[in-house]
Each structure stands twice: as C-alpha cells, then as structure tokens.
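Got a predicted model here, sequence first, then my questions.
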Amino acid sequence: MKELFTTLTEREKKLIYILVLFLLIIGGWFLVIKPSLEKYNQAKLNKVNRAAELTKLKDELKNYQEADGQLAILNQNYQTIIDKYNGVYTNDEIDDLITKQIMASSLTPASLNISDGNSVDQSGSSNTTQNKKEVSTQTSSNIITKTVTTTVQGNLNGVGNLLDKVKNMKGVSVAAISYSDKQDTSSQNTNVNSYDITFLVYMIDK
C-alpha cells in the first residue's frame, strides 16, 4: 500500500487528500453536526412551547389571583340589584303596605285587588276568583311583579301626596291612575272624588 502510494504523482496525492478531507467533512456532518443541529432545533422548539405554557400559566394565575376581586364585584352588583326589590311578600303584607300609604296620604281605600303570582304563567294570563282580579307577570326566574289595583276616595292633593310617597318606596311604582266615576253618595263633601290607581310591586326571590 505504501509502495503504491509512493508511485502516485503529486497531483494524484493531492486529489486523494482532498477526497479524504471531503469524506471526513461528510462523515462529521452526518455523525456530529447534523444530530447536534437536530437536537438544537428540538431544544429551541421545546423552549418556545415551554414559553407558551408559561404565558398560559401566568394568565391563569392572574385570573386566579383576581377571582376574589371579581367575585366581590359580582356580589356587590347582585346586592345592588337585590336592594332595588322587596322580598317575597304575601298578599296580606302587600295589602298592608299599600293601604298604609293610602291612609297616610289622607285617602280612603274603597277597594284593593292583588295579583296572585302562582295562579298564572309568564304569558300574562288572568282569572277571577271571589271577585279578586289576579294578574301576574314574572319578568325573570326570580323577579316577580305583582299588580295591585285600587280605588281610593279623597281629594287631588291626597293623590299627589300618595304619588310622592310611592316615589320613595323600594320596589313599588304607579303604573296607571285615572279619575273614577264611582262616587260615594254617603259623603257630604263634594271635594271627595274617586280615583283608580294601579300599583306594581316588584319582589325578588333571593
């Protein structure tokens, strides 16, 4: 082999050196550089994935840390809504609530009819039982609106006082008011008239 190598010309020797060097480079590429490059790319991809997971965890941690504050805000908003409504009153309690305001306004209640929330569905159907008009509208799953229709006797100043009182009441509003032709023939005061007033009482099932 050595004798064969010595018989080669300088040009042939250079070509052999170049070939050996080329084979070393190719072998180094496939045996060392390429596997290292693949490991580097995989490590780089893993780093990107870990960074994405870290960002996601930070967002989740931030949401978790803010959860108590958000819950407090929701509770506060819910309490604000609840404070605008009454609790669930019985018909007797509604009767007493409205009658007190009527009498405190120097008016005389002649009749008072209260809706029954359990007697109708949400479509607003109605029925009549023992001369009591029962109409109910349920505006949501836990908010109930009951209708109270009344006829009161007195003067216009008393009606104005009643309206002012209702403005300051929680969960009560006046839906309609009209002059009534129902006159009290027993009264000697010509200034005493009758008025039909419809109240809405808003209640929430907490």
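Good, I have the coordinates. Numbering: from 1, shown residues only.

number of nearby residues for residue 169?
Using other C-beta atoms under 10 Å, residue 169 has 14 other residues around it. From N, CA and C alone the C-beta is placed, and that goes for glycine too.

pretty sure it is touching residue 98, no?
No: using C-beta atoms under 8 Å, residue 169 is not in contact with residue 98; the gap is 9.5 Å.

which of the residues in the strand or helix carrying residue 93 are buried?
Using DSSP states H and E, residue 93 falls within helix 91-104. For helix 91-104, the buried set under the neighbour-count rule, 16 or more other C-beta atoms under 10 Å, comprises 91, 94-95, 97-99, 101-102.

Rebuild those as JSON lines, extending it with distance to residue 61 and pLDDT.
Converted to JSON lines, the buried residues of helix 91-104 look like this (distance: C-beta to C-beta, whole Å; pLDDT from 0 to 100):
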{"residue": "91", "distance to residue 61": "53", "pLDDT": "91"}
{"residue": "94", "distance to residue 61": "50", "pLDDT": "92"}
{"residue": "95", "distance to residue 61": "55", "pLDDT": "94"}
{"residue": "97", "distance to residue 61": "50", "pLDDT": "92"}
{"residue": "98", "distance to residue 61": "54", "pLDDT": "94"}
{"residue": "99", "distance to residue 61": "58", "pLDDT": "94"}
{"residue": "101", "distance to residue 61": "54", "pLDDT": "94"}
{"residue": "102", "distance to residue 61": "59", "pLDDT": "94"}
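
returning to what we had before: run the angle between the next helix or strand after the helix holding residue 93 and helix 91-104 for me.
Toward the C-terminal end, the helix or strand that comes next after helix 91-104 (DSSP H and E) is strand 108-114. Interaxial angle of strand 108-114 relative to helix 91-104 (axes from the mean of the first three to the mean of the last three C-alpha atoms, to 10 degrees): 150 degrees.

Quick check: bridge partners of residue 201?
residue 146, residue 172 (DSSP bridges).

Tell me which residues touch it, please.
Contacts for residue 201 were tallied using C-beta atoms under 8 Å, 6 or more residues apart in numbering; they are 86, 89, 94, 97-98, 145-148, 171-172.

make it 7 Å
86, 94, 146, 148, 171-172 (C-beta atoms under 7 Å, 6 or more residues apart in numbering).

How much space separates it from residue 65?
Going from residue 201 to residue 65 by C-beta to C-beta, to the nearest Å gives 43 Å.
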